[in-house]
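In: Mind folding the following:
(one chain, ligands or ions: 1)
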Amino acid sequence: MKLSHIEHIGIAVKSLESAIPFYEEKLGLKCYSVEEVAEQKVKTAFFKVGETKIELLESTDPEGPIGKFIEKKGEGVHHIAFATDNLQENLDELSEKGVRLIDKTPRKGAEGLNIAFIHPKSTMGVLTELCEDPNKTANN
Ligand code: ZN
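Out: Below you'll find the predicted structure:
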């Protein structure tokens, strides 16, 4: 298992429209991409801070994962995502070690990344995402 850095931190917000100005005007970051991920019922907005990104998540459906999260816990940090170069291998390794996974095989996330989630029951309550950039892996 080798994680290279924190790829992004996912933050659940009620509205991108009101959250983006905070990050741009108060923190001085630039939103470089807004993308809807229909499968996860979210609209995302991305900011870069060094090698790490901030991913704001707005629900597009109250029954979706972010909609439910906000209803239960309110706005706030939703997940932490680590970057790796061999996602499937890592998932197999975690599974063998008895770690509970939400995704046993990678799926497509925002920005064309392959992603998979580890269940918060296995991570002391922190929803943890692993992600792999298929373009980067292909170039290695
Ligand atoms: Zn994420």
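
In: So for residue 29, what's the nearest residue that isn't a sequence neighbour?
Out: residue 47 (4.2 Å; C-beta to C-beta, 6 or more residues apart in numbering). Yep, even glycine has a C-beta here, placed from its N, CA and C like the rest.

In: so who does the one you found touch?
Out: Applying C-beta atoms under 8 Å, 6 or more residues apart in numbering, we find residue 47 in contact with 23, 29-32, 53-54, 56.

In: Roughly how far does it sit from residue 8?
Out: According to C-beta to C-beta, to the nearest Å, residue 47 and residue 8 sit 9 Å apart.

In: Residues that sit against both of those two, list them.
Out: With C-beta under 8 Å, 6+ apart as the test, residue 47 and residue 8 both reach 53-54.

In: what about the residue nearest to residue 29, helix or strand, and which?
Out: Using DSSP states H and E, the element containing residue 47 is strand 42-49.

In: same check, this time on residue 83
Out: In the assignment (DSSP H and E), residue 83 maps to strand 76-84.

In: Extract the CA atoms of that strand and return them as CSV.
Out: Provided in CSV are the C-alpha atoms of strand 76-84 (Å, rounded to 0.1, in the frame of the first residue of the first chain):
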residue,chain,number,x,y,z
GLY,A,76,-19.0,20.0,6.8
VAL,A,77,-16.1,17.7,5.9
HIS,A,78,-17.5,14.7,4.1
HIS,A,79,-14.4,12.7,3.1
ILE,A,80,-10.7,12.6,2.6
ALA,A,81,-9.2,11.2,-0.6
PHE,A,82,-5.7,9.8,-0.9
ALA,A,83,-3.9,9.4,-4.2
THR,A,84,-2.5,6.1,-5.3
